[in-house]
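> need the 3D shape of this:
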Amino acid sequence: MKSQPADASFAAREGRRSPLFLAALITAVAVLCFDLFDGRFYYRDVDDALRAIQIRQFLAHGRWFDLTIVGIDMPGAYVSPWSRLVDLPYVLLTFGLRTVMSPENALWWALRLWQPVLLVTYCWLWVATAVRVAGKMVGVLPLHVVASFALMPLTLWEFMPGRIDHHNLQIVILMLALYGISRWSAFGGFLAGAACGVSFAIGLELAPVLVILMVGPGLAWIFDVKASRSVQLSMAAGIASATLVAGLLLIGPSRMVSTECDALSAPYVSAFLGYAAVTSISVWCVYSRRRLIRLLSLALPAIGILLLLILAFPACVEGPYGMIDPLVRSLWLDRVQQENSVLDFYRVGETIKIVSLGLLLVVVVGTVPILRHRLKERDAAFLIIFCAATALLLLTFAQTRFIRFAAVGLLLFLPPLWAQVKTGSRVMTRVTGAAAMLTLLVGTLLSRLVPAEPYLPDVLDYMAVDLCPVADLSVLQDFPPGRILAPSSLGLVMLDGLPPGFSIASLPFHRAAPGMLRMYRAFLSTDSAVRRNAAAPFDYLALCRFPLVEEIADDTPFAVLTRGGGWPGLVSLADGPPGSLRLFRIDHSAFR
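Have a look, this model is predicted:
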C-alpha cells in the first residue's frame, strides 16, 4: 500500500466529504429509481399498512401513550408494540402541512416526505464513517462510494417514499451507532450509546448487533486500548440517558415498569441501566492493568444482573414471540420468509438476494488481512465495527429478516479492500480471489441442493394474501355493529374502513396471535366443535370470493366459502363476483 503524509491527508479528507456525499446521494437516488421500473415497490408490506393506521388513529384521538388499535377485538384489544418515535415525524409533518392543504392531503404528503430526509442523513453518516474506517493511509474515492451504494439496493429500497415501516429509521440509527464507534472518543461513545438506546426503543430486532457495540469498548478497556476508558464511560452515559428519556417520552412511566417481552419495558430498562451502572463503576474504580482483574470486574456483576433479570422476568426467557400459540406459529410465523434461513432464497429463486449476500461474504473474507494489520495497531473501532457488520451477515444467513441491514456495515470496508487490491498486494489479491471463487462454488452447490421450486399455492397461501381487489365495506352500514371473523389479511384491509362499532378478529402480527388462533380454527379445522367454539364470540364472518386452484380440496369452510359455496349456520348478507367481499351473519345455533 502506497504511503502518504498520514495526518495531513486524513485531515484534508475529513474536510472534503462533499464529493463523497454527493456520489452517495446520487447513487442512492438512482437505486431508488431502479425500484420503480416495474411499477411496484420491492418493499411494501403489511407493516406499512398498519403503521399508517396507527398514525391516522393517533391523529384522530391524540392520546400519545395509548397504542391500542381501535377496531380489533380478538376478543380483547390489540395494543401495538411499535414505538411512537417512528410515528412522530409523520405526525409533525402532517400538522405542518395542514396549514396549506386538507388533512387528507397533508397526511399523504407526510408519509412520503420523511424518507428522503432519512436517506440524506444515512448517506452523510455512511460517508463520514467510511472515511474513518478507511483510516489515515487510504483515500476514500467517489468511485468507492458509488460501488458500495450500488451493492446495497436491499438497504436503500427501505428509503422509498411511502415506506413508513420502522426499518429505515433503524438503519439510520444503526449507522449513527457505527459512526460513534468510528470516532473512538468520549463524544463518539456517547453517540453510540444513545443510538443503541434509541434503537432498542424502536424495536428489539437489532439486539444481537447492538450488544456487540455495547460490549466492544469494555473489551477494549480490558486490553488497555487507548481512550477505551472514556469511550466506555460515555457509552454507558449515552445508553442510560437515551433509555430514560425514550421511556418517559415514548411509553410513559407505567409501561416502563410493566413487562412486555417484545418492546421497551421494565426488563430492558433494567438491563440497560444495569449495563450502564456495571460498566461505569468498574471502569471508573478499577485502575489495575491486569486483564484478569478488569475482566472479572465487568463479567461477575454482569452475570449477576443477568441472573436477576431471568428471575424477575421469566416470561421473557422465551423471547419476544412467547405469546404465539404453536398452531399459529406453524400455520403463520414459520411460513413467513423473514423468519427462515437463507436457503429459502434458493427455494423461491430470489437471485438478487443470493448474489448480494455472496458479494458481502467476499468483502468479509477479503477484509481479514486488513483486520490483522489493524489489530496490531490496536484499532479497536475497526474491530468492533467489523464484528458487528459480520454478525449482521451471519444473522442474515440464519434469519433473512436481517438482509436489509447486512450491507450497512460491511460495505464500509470496501474502500480499504479496493485500495489494497488495486495497489497490487499479493495477499489481498489471493484472499479476495479465493473468497470469490469459494463463494461462487458454495452458491452453485446450494442451488443444486436446494433448487427453486415451482409455486404451488396451498390453502394457507390464499389465507395470507388479500384476495379482494376492492373490498366494499359500505354494506356494513346496513347491519348492526358487531365482531367480524375474517382471515388476517382481509382483516387488515377492512380495519381502516370499518364503521363505528364493528371490529375484526386478527391481523398478521404476533400480538394478534389469540385472534389468529380463533381464525385458523374457524376456517381450517375439520372438527365442528372446534369451529363452533372458535366462532362463538363473533357476529359476522367475512372473506373474499376467489377461484382457488383445483388441488385444494373442499374440506374446510375457507375453501368452500372462498369458491362461492355456502356453509351451515352462515346466513349470506352480501355477495358478488370473484374478487368481491362475502359477508355472512353467524347463526351459532346452526353453525357447524
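> rest of the way, CA atoms for contacts and neighbours
OK.
> kindly list the longest helix within the protein.
helix 103-134 (DSSP state H).
> which residues sit against the very next helix or strand once past that one?
Downstream of helix 103-134, the next assigned helix or strand under DSSP states H and E is helix 142-150. Defining contact as C-alpha atoms under 8 Å, 6 or more residues apart in numbering, one finds that helix 142-150 is touched by 19-20, 23-24, 27-28, 31, 127, 411-412, 414-415, 418.
> same question, stretch 226-233
184-190, 217-218, 220-221, 279-280, 283-284.
> among the residues you listed, name the ones in helices.
186-190, 217-218, 220-221, 279-280, 283-284.
> only the buried subset of the contacts of stretch 226-233, as a ChimeraX command please.
Buried residues among the contacts of stretch 226-233 (16 or more other C-alpha atoms under 10 Å), as a ChimeraX selection:
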select :184,185,186,187,188,189,190,217,218,220,221,279,280,283
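> what is the nearest of the contacts of stretch 226-233 to residue 380?
Using C-alpha to C-alpha, residue 220 is the member of those that lies nearest residue 380, at 6.4 Å.
> ok, the nearest residue to residue 525 once chain neighbours are set aside - contacts?
Nearest residue to residue 525 in three dimensions, chain neighbours excluded: residue 531, at 6.3 Å (C-alpha to C-alpha, 6 or more residues apart in numbering). Residue 531 makes contact with 521, 522, 523, 525, 592, according to C-alpha under 8 Å, 6+ apart.
> doesn't residue 535 make contact with the last one?
Yep, that's residue 592 we're talking about. No. Residue 592 lies out of contact with residue 535 (C-alpha atoms under 8 Å); the separation is 9.7 Å.
> between the contacts of stretch 226-233, which sits nearest residue 96?
residue 190 (31.8 Å).
> which of the ones in helices among the contacts of stretch 226-233 sit farthest apart?
Maximum distance among the ones in helices among the contacts of stretch 226-233 (C-alpha to C-alpha): 18.3 Å, for 188 and 284.
> tell me what the one helix or strand residue 155 maps to is packed against?
For residue 155, the host element (DSSP H and E) is helix 153-156. Counting by 3 or more C-alpha pairs under 8 Å, 6 or more residues apart in numbering; DSSP states H and E, the packing neighbours recorded for helix 153-156 are helix 18-34, helix 403-410.
> deepest-packed of those helices, please.
Ranked by mean neighbour count, those are led by helix 403-410 with a mean of 24 (mean count of other C-alpha atoms under 10 Å).
> and after it, which helix or strand comes next?
Under the assignment DSSP H and E, the closest C-terminal helix or strand after helix 403-410 is helix 414-422.
> average pLDDT across the next helix or strand after that following helix?
Per DSSP H and E, the first helix or strand lying C-terminal to helix 414-422 is helix 426-449. The average pLDDT for helix 426-449 rounds to 83.
> surely residue 87 touches residue 55?
Yes. The pair formed by residue 87 and residue 55 meets the contact definition of C-alpha under 8 Å, at 6.1 Å.
> roughly how far apart are residue 294 and residue 286?
From residue 294 across to residue 286, the span is 7 Å (C-alpha to C-alpha, to the nearest Å).
> between those two, which one's more packed in?
residue 294 (21 against 13; other C-alpha atoms under 10 Å).
> any stretches of the stretch 51-200 of the chain with poor pLDDT?
Scanning the stretch 51-200 of the chain for pLDDT under 70 picks out no residues.
> what's whichever strand or helix holds residue 169 in contact with?
Assigned by DSSP H and E, residue 169 belongs to helix 167-183. For helix 167-183, contacts defined as C-alpha under 8 Å, 6+ apart pick out 86, 115, 118, 121-122, 125-126, 128-129, 132-133, 158-159, 187-196, 198-199, 202, 213, 381-382, 384-385, 405, 408-409.
> neighbours of residue 167, just the number please.
20.
> now do residue 590
Residue 590: 11 neighbours (other C-alpha under 10 Å).
> before we move on, what about residue 426?
Using other C-alpha under 10 Å, residue 426 is surrounded by 11 other residues.
> from residue 578, how far off is it?
Counting by C-alpha to C-alpha, the gap from residue 426 to residue 578 is 65 Å.
> outline the domain layout of the protein.
6-40+81-444, 459-586 (automatic domain parsing).
> switch those over to JSON lines; also include distance to residue 49.
Output for the domains of the chain, formatted as JSON lines (distance: least, C-alpha to C-alpha, whole Å):
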{"stretch": "domain 6-40+81-444", "distance to residue 49": "9"}
{"stretch": "domain 459-586", "distance to residue 49": "8"}
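> if we can go back for a sec, give me the buried positions along the longest helix of the chain.
Buried residues in helix 103-134 (16+ other C-alpha under 10 Å): 106-115, 118-134.
> who are the packing partners of it?
Using 3+ C-alpha pairs under 8 Å, 6+ apart: helix 103-134 touches helix 6-14, helix 18-34, helix 84-97, helix 167-183, helix 414-422.
> buried deepest among those helices, which one?
Comparing these by mean neighbour count (mean count of other C-alpha under 10 Å), helix 167-183 comes out on top with a mean of 25.
> how much does that one deviate in direction from helix 84-97?
110 degrees (axes from the mean of the first three to the mean of the last three C-alpha atoms, to 10 degrees).
> check the offset of the longest helix of the chain from the chain's centre.
Helix 103-134 sits 17 Å away from the centroid of its parent chain (C-alpha atoms, centre = their mean, to the nearest Å).
> what is the strand or helix carrying residue 48 packed up against?
Assessed by DSSP H and E, residue 48 sits inside helix 46-61. The contact analysis (3+ C-alpha pairs under 8 Å, 6+ apart) places helix 46-61 against helix 84-97, helix 488-495.
> can we see that at 10 Å?
strand 68-69, helix 84-97, helix 103-134, helix 488-495 (3 or more C-alpha pairs under 10 Å, 6 or more residues apart in numbering; DSSP states H and E).
> including distance to residue 401, could those go into a markdown table?
Shown next, in a markdown table, are the helices and strands packed on helix 46-61 (distance: least, C-alpha to C-alpha, whole Å):
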| stretch | distance to residue 401 |
| --- | --- |
| strand 68-69 | 25 |
| helix 84-97 | 19 |
| helix 103-134 | 20 |
| helix 488-495 | 20 |
